[in-house]
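Q: Need coordinates for the below:
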Amino acid sequence: MNEPLEKFEPRMVAGAGADIFVRVGGDGPPLLLLHGYPQTHVMWHRLAPVLARHFRLVIADLRGYGRSSMPQNDRDNRVYSKRAMAADLVAVMTALGHERFAVAGHDRGGRVGYRMALDVPAVVERLAVLDIIPTYDMWTGMDGKLALKVYHWPFLAQAPPMPERLIESDTRFYLDWTLASWTKSGDLACFDEAALAAYRTAFAAPGRVHAACNDYRAGATFDLAADREDKSTGRRIACPTLVLWGTGGIPSEAADSLAIWQSWCDTVEGRAIDSGHFLAEENPSETAAALIPFFSGRA
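A: Residues are numbered from 1 along each chain as shown. Below you'll find the predicted structure:
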């Protein structure tokens with residue numbers, strides 16, 4: 001079985017405390033693509049060939065995920081914060097010769113993208129976030145209905161080794177259940193078999209469940225505090241921002257996604273995509289049709 005995205009050049013690049021695996025390819029202005037939980041860079045395999053006709057793609061595994069390194073966490077969860085992950089990717093893009101670039105992030109990758117736009121606004125030209133609302137709004141606006149949809153937020157954030165022990169008892173079941181439950185159809189039909197195999201292999205690799213739990217521990221602590229500080233000081237995302245969400249995605253259980261992002265961004269636009277949480281795999285054509293004009297400055 002061929003590995004998804006194998007036509008894109010593999011590279012291991014030093015980040016800001018972690019070694020980051022990327023695949024690189026395409027022609028045009030630079031565009032950084034960031035994945036979410038519980039996936040890897042492979043989630044972009046349907047969109048990347050289309051986007052590569054317009055942009056120079058850097059498709060990354062976040063620290064702790066896929067083939068990127070897994071630094072040891074610290075007491076305040078800074079090591080797995082979105083601030084630390086954003087710093088990794090800024091270092092990677094600089095090493096690849098890109099001082100300014102666009103960013104598209106799904107799920108956790110969207111959180112890294114918007115944190116980068118807040119922390120290092122000079123480097124982010126345009127930002128697209130797929131099927132998320134900010135961490136601050138997730139935690140502060142969580143009601144019973146949303147909590148059932150995103151039970152994994154408080155579960156994965158529990159102290160080790162409780163969530164790790166439970167998940168590692170049957171990683172394939174947990175991964176498949178999680179992926180299926182977030183699709184619009186409620187099953188795995190939308191996923192390419194090679195991509196699904198890649199997710200299963202990466203998720204089951206030693207240390208990866210622990211690293212992903214640390215990501216969510218950071219989300220409940222360091223990341224929430226960083227968002228709260230930005231809210232209190234009035235810091236906003238200055239670059240043009242595109243918000244896309246699935247009609248059956250995770251933000252569909254929350255308040256108006258676009259209205260929430262308007263409170264964070266100077267310039268924002270967005271719309272729903274006919275899909276569940278996994279826009280890039282459930283509806284790649286409609287997702288590409290939204291991303292390409294936006295990143296080309298034609299939106």
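Q: Name the residues that touch stretch 61-68?
A: Applying C-beta atoms under 8 Å, 6 or more residues apart in numbering, the external contacts of stretch 61-68 come out as 12, 15, 17-22, 34-35, 37, 39-42, 60, 69-71, 80, 84-85, 88, 108-109, 112, 202, 208, 211-212, 214-215. Just so you know, the C-beta spots here come from the backbone N, C-alpha and C atoms, and that holds for glycine as well.
Q: Mind checking which of these are in helices?
A: In this view, the contacts of stretch 61-68 that belong to helices under DSSP state H are Ala84, Met85, Asp88, Arg108, Gly109, Val112, Ala202, Arg208, Ala211, Ala212, Asn214, Asp215.
Q: my guess is the fifth one meets Tyr37, correct?
A: So the one you mean is Gly109. No: contact criterion C-beta atoms under 8 Å: Gly109 and Tyr37 do not qualify, at 9.1 Å.
Q: More neighbours: which of those two?
A: Gly109 (31 against 19; other C-beta atoms under 10 Å).
Q: before we move on, the earlier item: buried ones from the contacts of stretch 61-68, can you make that a PyMOL selection?
A: Remark: buried members of the contacts of stretch 61-68, expressed as a PyMOL selection using 16 or more other C-beta atoms under 10 Å:
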select buried, resi 15+18+19+20+21+22+34+35+37+39+40+41+42+60+69+70+71+80+84+85+88+108+109+112+202+208+211+212+214+215
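Q: and the gap between Ile131 and Ser257?
A: For residue 131 the amino acid is Asp, not Ile. 9 Å (C-beta to C-beta, to the nearest Å).
Q: typo on my end, it should be Met162
A: 32 Å.
Q: Leu127 belongs to a helix?
A: No: according to DSSP: H, G, I helix; E, B strand; the rest coil, Leu127 belongs to no helix; its state is strand.
Q: give the contact list for the spatially most central residue of the chain.
A: The residue lying closest to the centre of the chain (C-alpha atoms, centre = their mean) is Gly109, at 1.9 Å. The contact partners of Gly109, taken as C-beta under 8 Å, 6+ apart, are Leu33, Leu34, His35, Gly36, Leu62.
Q: and which of these is nearest to Asp176?
A: Gly36 (16.3 Å; C-beta to C-beta).
Q: What about the closest residue to that closest one other than its chain neighbours, how many residues nearby?
A: Leaving aside its sequence neighbours, Gly36 sits nearest to Asp107 (C-beta to C-beta, 6 or more residues apart in numbering; 2.1 Å). Residues within reach of Asp107, counting by other C-beta under 10 Å, total 24.
Q: Strands along the stretch 51-200 of the chain, start to end?
A: Applying DSSP state E, counting those that start in this stretch to the stretch 51-200 of the chain gives strands spanning 56-60, 101-106, 124-130.
Q: could those go into TSV alongside distance to Thr267 and mean pLDDT?
A: Putting the strands of the stretch 51-200 of the chain into TSV (distance: least, C-beta to C-beta, whole Å; pLDDT from 0 to 100) gives the following:
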stretch	distance to Thr267	mean pLDDT
strand 56-60	24	98
strand 101-106	14	98
strand 124-130	10	98
